[in-house]
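1. this one's structure only:
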C-alpha cells in the first residue's frame, strides 16, 4: 500500500509502469486517473486539503479496500495546491489476481476519496473563483458498498 | 477509438501517458491491464487468435461501448503469440467526462473481450501445455450488461 | 468453402484450415459430414456444446444456414483478455 | 482547543486556525458559542447541514462529545478525487 499526498505533478505513465512492474504475480491491474478538464473556461484549479487528516483518511479507505477484496496492492496519489488544465489531479491503482476485485476496489477507493478524504476543489476562471459543490450522487455512490 | 492487435510487447506506461495526453478534455481515465502471472509454475503463455475476425470482434465491442456510455475515447491493445510471465497480455483504456462511465465502459470491454474476442490462451509449463478453459463466471459476467 | 480450426480443435484435427465441398445447409449438417470422415474429426466434434462457430468471421449458431457463407471457423470458447 | 477552518468556511471566517477556550460539551454547543461571537461566524455556521466536522482528524457528528478532543475542524463536504 502506497499513499502519496503531494503538491508536485506526478508522471502517470511512470507511476503506472512502476506499479505494474511491482505486481507481476497478480494478473490484473486497474488504474483511475482524474484530470483537470481542459474545457476552455477554467484558468486553473486549486485544491485545499487538511494535512494530517488527509493521509489518515486515505489510509483508512485503502485499508478497508484491502479487507474487502482480494488485492495484491493499492496505490493512491493525490495532489493539492494549484494545478493547470490537463494536469492529473490524482490516481488510484489496484493489483489483484482477478479483474473483478481490481475493478471493484478501484471504484470503491474513488467513491470514498471523493466524499471522505478532506480535499476541496476551487475552480479559478477569468471572472473569479468558485468552490466546487459536492454532488448528491457522490454521497449516494457510497451506499452501494 | 484505437484497436491494436499485435505480437510485440507494448509499453504500458507509455500507452497510458499517450492516451491520457490525448484526452485532457475528459476528466476521467480508466485503464485495465492483464499480465501473464508470474507464479513460478508456468514457463510461458501462447495466445492464438483468428486474424481478421479478431479486429472485427474488438471493433464491434468498442463501438457498442461508445453507444452505451458517454465516452471521449477508448483504446484496446491485445497481443498474440508467445509471451513471458510478467509481460502485459493486453490493456484497455477509457476516457470519459465522469468516472462512472469510464469505469463501467472499461468493465464492459473486459467482459466482452474475455468471451467474445477470438483469442485462446495456452499455458506452457515444465510438464507440458494446456489450453486455458473458459470459466462459466466469464460467460455469466455478460448478463449484467 | 474454407473451414478454419483454432486452439485444441486445430490440434485434434491436425490442420488449421482446409477447403471443403459440401451440400450441408446448416452448421450441424456440416459437422455431421466432417465427423463421418475420420476419427480425428469425430474426436474434435464429439461434444458440440464445448465448441463455438463463426460464419464469415461473425460468431453464430450451429443451426445457422450456410447459404452464401464462404468461411466457417470452429473453436473452443474464447479465453482472451 | 484548536479550531481549524477549510475552504469557504475558512474564507468566511477569515482565518485558517485559532485557539479557543470553551466550556462546550458537544460540537453543537461549540457552534452556538462561535456564532454568538461575530457576524462572520454566524454567516459561516448559518446552515449546519452544509457543513462537516472532524474531531482530532476523524470525521464526526455535530452531537459528538468534545471531551478530550484537542482539534476540531469545520469544512464543507469534501470534493476530492
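-> That came in fine, so what should we check first? All of these numbers come straight from a predicted model, not from anything done at the bench.

2. make it CA atoms for all contacts and neighbour counts henceforth
-> Noted.

3. In chain A, which helix is the longest?
-> Using DSSP state H, we find that the single longest helix of chain A is helix A:99-116.

4. Flag every buried residue along the helix or strand that comes right after that helix.
-> Downstream of helix A:99-116, the next assigned helix or strand under DSSP states H and E is strand A:119-125. Buried residues in strand A:119-125, counted by 16 or more other CA atoms under 10 Å in any protein chain shown: A:119, A:120, A:121, A:122, A:123, A:124.

5. Stretch C:15-30 now?
-> Result for stretch C:15-30 [16+ other CA under 10 Å]: buried residues C:17, C:27, C:28, C:29, C:30.

6. From residue A:91, how far off is residue A:119?
-> From residue A:119 across to residue A:91, the span is 14 Å (CA to CA, to the nearest Å).

7. what do you get for residue C:54?
-> Distance, residue C:54 to residue A:91, by CA to CA: 40 Å.

8. which residues in the chain form strands?
-> Picking chain A for this. Along chain A, the stretches classed as strands by DSSP state E are A:2-6, A:28-35, A:44-49, A:73-79, A:81-83, A:88-96, A:119-125, A:128-131.

9. let's do chain C instead
-> Ranges of strands in chain C, per DSSP E, are C:2-5, C:17-19, C:52-55, C:58-60, C:71-75.

10. hmm, the helix or strand of chain A with the lowest mean pLDDT touching chain D?
-> Least confident helix or strand, chain A: helix A:136-140 with a mean of 89, by mean pLDDT, DSSP states H and E. No - using CA under 8 Å from any CA of the partner chain, helix A:136-140 stays clear of chain D, with a minimum separation of 9.0 Å.

11. on that earlier part again, can you redo the buried residues of strand A:119-125 as JSON lines with pLDDT and distance to residue D:68?
-> Below are those laid out as JSON lines (pLDDT from 0 to 100; distance: CA to CA, whole Å):
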{"residue": "A:119", "pLDDT": "98", "distance to residue D:68": "26"}
{"residue": "A:120", "pLDDT": "98", "distance to residue D:68": "28"}
{"residue": "A:121", "pLDDT": "97", "distance to residue D:68": "31"}
{"residue": "A:122", "pLDDT": "97", "distance to residue D:68": "33"}
{"residue": "A:123", "pLDDT": "94", "distance to residue D:68": "37"}
{"residue": "A:124", "pLDDT": "94", "distance to residue D:68": "39"}
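
12. Reformat these as JSON lines; add distance to chain B.
-> Shown next, in JSON lines, are the buried residues of strand A:119-125 (distance: CA to the nearest CA, whole Å):
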{"residue": "A:119", "distance to chain B": "17"}
{"residue": "A:120", "distance to chain B": "17"}
{"residue": "A:121", "distance to chain B": "14"}
{"residue": "A:122", "distance to chain B": "15"}
{"residue": "A:123", "distance to chain B": "14"}
{"residue": "A:124", "distance to chain B": "17"}
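
13. Could you list the low-pLDDT ranges of chain A?
-> By pLDDT under 70, chain A contains no weakly predicted segment.

14. Alongside chain D, which residues does it contribute?
-> With CA under 8 Å from any CA as the criterion, chain A meets chain D at residues A:34, A:48-50, A:52-53, A:56-57, A:78, A:89-90, A:110, A:113-121, A:131-134.

15. at 7 Å what do you get?
-> A:34, A:48, A:53, A:90, A:110, A:113-121, A:132, A:134 (CA under 7 Å from any CA of the partner chain).

16. List just the nearest of those residues to residue B:96.
-> For the residues of chain A next to chain D, the residue nearest residue B:96 by CA to CA is residue A:34; the value is 10.1 Å.

17. partners of that closest one in the sheet?
-> residue A:90, residue B:28 (DSSP bridges).

18. So whatever residue of chain C ends up closest to chain A versus residue D:1, what's the distance?
-> Nearest residue of chain C to chain A: residue C:81, at 9.7 Å (CA to the nearest CA). Taking CA to CA as the measure, residue C:81 falls 56 Å from residue D:1.

19. more crowded one of those two?
-> residue C:81 (28 against 14; other CA atoms under 10 Å in any protein chain shown).

20. So the more buried one sits against residue B:110, correct?
-> Yes - using CA atoms under 7 Å, residue C:81 is in contact with residue B:110, at 6.4 Å.

21. Quick check: closest non-adjacent residue to residue A:69.
-> In this structure, residue A:69 finds its nearest non-sequential neighbour in residue A:101, 5.7 Å apart by CA to CA, 6 or more residues apart in numbering or on different chains.

22. I misspoke; the intended subject was residue A:77.
-> residue A:4 (4.7 Å).

23. for the one you found, what are its contacts?
-> Taking CA atoms under 7 Å, 6 or more residues apart in numbering or on different chains as the contact definition, residue A:4 lies against A:76, A:77, A:78.

24. Please report which of these has the highest neighbour count.
-> Counting neighbours by other CA under 10 Å, residue A:78 comes out on top of those with 27 neighbours.

25. Show me what it is bridged to.
-> residue A:5, residue A:90.

26. pLDDT weak spots in chain C?
-> Regions of chain C meeting the criterion pLDDT under 70 are absent.

27. need the longest helix for it.
-> Per DSSP H, chain C has its longest helix at helix C:27-37.

28. so that one versus strand C:71-75, what angle?
-> In terms of direction (axes from the mean of the first three to the mean of the last three CA atoms, to 10 degrees), helix C:27-37 departs from strand C:71-75 by 70 degrees.

29. helices or strands up against helix C:27-37?
-> Where contact means 3 or more CA pairs under 7 Å, 6 or more residues apart in numbering or on different chains; DSSP states H and E, helix C:27-37 is packed against helix C:39-44.
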